[in-house]
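Asks: Fold the following and give me the result.
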Amino acid sequence: MVKTSRRWSKVAAVLAAAVVGTGLAAFPGTQPAEAAVQVSTEHAKAADGRDYWVKNHLVPGNLAAKADTGGKRKEWLLVWAGDENVADTAVKDIKGLPGSLGGGLDKVKNALPGPDFLAVIDATKGSPDYGKVVNTATVGPLVENEPHHMQYTWHKGDTIYAGGLFSAATYAFDVSALPKLTLKGVSLPTQTLGGSVPDAYDTLKDGTAYGTYMGGPVVPGPYVDSNGKTVISNGFAGSPGEVVRFDRKGKALSQVSAATPQGDNQKLCDDLPQLGKATCANPHGIQVREDLNTMVTSDYVEPRNIILDPVKQPSPYLRRPTIRTWDIADRDHPKLKSVAYLPDGPRSNPKDPLHNESRAVMENGVTHKPGHKGAFAQTMQGGAIFYTPDITAKKPEWREVWDDGTAGKKFAQGNDNIGSGTNGGWVAVSPDDKFLYHAVIGRPKGTLGPSDPGTSGGVYTLNIQKLIGAGDDVKCAIDTKSKAEQGGGADCPTLAGAAGINPGQAGQGPHWGTYDHFQTGKDGYYHETEQPSRIAASDYFVARSGLDGDHKVWMLGLGKDGKLSVDKDFRDEVTGQVGVDFNRKSWPHGDFGYAKPHSELFVVADKDLK
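Replies: Predicted coordinates:
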């Protein structure tokens, strides 16, 4: 732990140095924005009494929604991205960033922490600016937030909640007047003392949201949550994490620990430092069914061991095999109902528990339709998909229904059909409950041994209609290696579509994604639809984990039958290549070099959406 503590001290020092006082020009390496870019700053005062802001850098010609699309209203893709700097390479050797210490004054300057931002990209099919970054809305004064997730989908009137993995801050944005943004508020670590390392958010019908804080309370020791429960933690970025409810301006309304009073299985749940009562309570994914008064969270990892020293994991049991259900009848006081341990599957190996199917439950996805109560969960290191038909049950039963290896060869012919270590991420059920969408990074070379060539990744869709239709009488079971590699038959999901991203490049596929649930009606306005037509996905995880990706954002066409194809019209405005490349020297906010796109959302301005 001495090594980890020193690394955390270095990161904390960088963060502290990055927090500027007042004023708008305190970022190291700031370059004057181009004269043509229209700059405006929106301020909000946080609980610490200081000034926080979002600074818009609008590219001319994109202020009028219908200026260049033949009268068609515009749709936008918002991408929450971080400035790449030398701190991203603190664990591994310095690697030729445009801002590395590899040589030249400009390179050194760009290696310093710069502003993180929401990129606003023209996502209007047919627009001459399709794929163009029309605004970078930078946030301050905090830098090196390590922008992570927002909510999974956006609906008219929603606040956008965006978390900073390292800063433990949650930003609340107003996007009603896109392409310009305003800042509603900022939640700082002092407002969420019961947790750290914010991960994902899910919005409610009243405009509030729940968010997962994967890491432990800010200060180690005892903490009393909003339900009056006392938990003992090992501190910031440790365990146990919590669920926070936010109002529309990002103010924390309640904080409820994900820990159980009795603790979790000590044989399966390590903590560093070890707690008296072992816990796997590190919630990452979060999905809500308001009509069922039920919330599902999935436990991924004790996060400090990913952020600080991921090269050599001290224990595979820091990656979690658990998923939790909550009673949210009282919205401000969620009550933990169940903790389920996902089963090890037919690939499980006692010599390599890190890659057992149950390990690292990153995300979950609930069904949506009345009468359907099922939900899915996926594992990052385990490379498997699990399902339960009823999240309202006292003890939901989860079973493996799919293995990432089954889709491997559909991404690239050179892939094998082994799901272990394929680094799956984003998973979502379509609004009509017919399909499951899943993003997979792929397995980096050497993951399973020195001779392992790795696999490339992509996005795939599963037809889940038979599985959902089976109700509580599910027959599907992935219980042999043959089924893991070829599908389980019976009412198991079947592969509907797959699109490889960077075929042949091991471990360079997408981590995150979102589906486009908007379509234009005969009235010329956008309306929500139950049949998404596109998926956007991004190739970035967390640089310090070793899964850096190529920093591209992709658009994929999605057919009504679930088939997928890379949209070759969605091209980078600088390189002309397919996919929007965040590895560029210049942005509307200046020459800050490479950026790291983690999550994305399709959004439409209020005046263009009905």
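Asks: What is the end-to-end distance of stretch 274-284?
Replies: Stretch 274-284 has its terminal residues 21 Å apart, counting by CA to CA, to the nearest Å.
Asks: Buried ones in that stretch, by neighbour count?
Replies: Residues of stretch 274-284 classed as buried: 275, 277, 278, 279, 280, 281, 282, 283, 284 (neighbour count, 16 or more other CB atoms under 10 Å). C-beta coordinates here come from the backbone N, C-alpha and C atoms, glycine included.
Asks: can you map out the helices along this protein?
Replies: Taking DSSP state H as the criterion, the chain carries its helices at 2-18, 105-111, 304-307, 408-411, 465-469, 481-486.
Asks: Where among the ones you listed is average confidence lowest?
Replies: Looking over the helices of the chain, mean pLDDT reaches its minimum on helix 2-18, with a mean of 36.
Asks: Just the buried residues of stretch 274-284: which are in strands?
Replies: Secondary structure assignment by DSSP state E places 283, 284 of the buried residues of stretch 274-284 in strands.
Asks: farthest pair in the buried residues of stretch 274-284?
Replies: 277 and 284 (20.9 Å; CB to CB).
Asks: ok so, going back, wait, which of the buried residues of stretch 274-284 is closest to residue 179?
Replies: Lowest distance from residue 179 to the buried residues of stretch 274-284 (CB to CB) belongs to residue 284, with 30.4 Å.
Asks: so that closest one touches residue 201, yeah?
Replies: No. Look at residue 284 against residue 201 with CB atoms under 8 Å: they stay out of range, at 11.7 Å.
Asks: Can you check which residues contact both of these two?
Replies: residue 212 (CB atoms under 8 Å, 6 or more residues apart in numbering).
Asks: that older thread, can I get the buried residues of stretch 274-284 in CSV with distance to residue 409 and pLDDT?
Replies: Formatted as CSV, the buried residues of stretch 274-284 follow (distance: CB to CB, whole Å; pLDDT from 0 to 100):
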residue, distance to residue 409, pLDDT
275, 43, 96
277, 44, 96
278, 39, 97
279, 39, 98
280, 33, 98
281, 37, 98
282, 33, 98
283, 34, 98
284, 29, 98
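Asks: need the buried residues of stretch 274-284 in JSON lines with distance to residue 88, can you?
Replies: As requested, those are exported to JSON lines (distance: CB to CB, whole Å):
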{"residue": "275", "distance to residue 88": "30"}
{"residue": "277", "distance to residue 88": "35"}
{"residue": "278", "distance to residue 88": "32"}
{"residue": "279", "distance to residue 88": "29"}
{"residue": "280", "distance to residue 88": "28"}
{"residue": "281", "distance to residue 88": "28"}
{"residue": "282", "distance to residue 88": "22"}
{"residue": "283", "distance to residue 88": "25"}
{"residue": "284", "distance to residue 88": "21"}
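Asks: Nearest to residue 132 among the buried residues of stretch 274-284?
Replies: When the buried residues of stretch 274-284 are compared for distance to residue 132 (CB to CB), residue 284 wins out at 32.5 Å.
Asks: now that closest one: how far from residue 192?
Replies: Residue 284 sits 16 Å away from residue 192, going by CB to CB, to the nearest Å.
Asks: Pull out the CA atoms of stretch 546-566 and give them to me as CSV.
Replies: As requested, the backbone C-alpha atoms of stretch 546-566 are provided in CSV (Å, rounded to 0.1, in the frame of the first residue of the first chain):
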residue,chain,number,x,y,z
GLY,A,546,-3.5,0.6,-20.0
LEU,A,547,-6.7,0.6,-22.1
ASP,A,548,-6.2,3.9,-23.8
GLY,A,549,-7.8,3.3,-27.2
ASP,A,550,-7.3,5.4,-30.3
HIS,A,551,-9.6,8.2,-29.1
LYS,A,552,-12.1,8.0,-32.0
VAL,A,553,-15.9,8.4,-32.0
TRP,A,554,-17.8,6.2,-34.5
MET,A,555,-21.3,6.3,-35.9
LEU,A,556,-23.0,3.0,-36.8
GLY,A,557,-26.1,2.4,-38.8
LEU,A,558,-28.7,0.2,-37.0
GLY,A,559,-31.4,-1.6,-39.0
LYS,A,560,-34.8,-2.6,-37.7
ASP,A,561,-33.5,-6.2,-37.8
GLY,A,562,-30.6,-5.4,-35.6
LYS,A,563,-27.9,-5.4,-38.3
LEU,A,564,-25.0,-3.0,-37.9
SER,A,565,-22.7,-1.1,-40.2
VAL,A,566,-20.1,1.5,-39.8
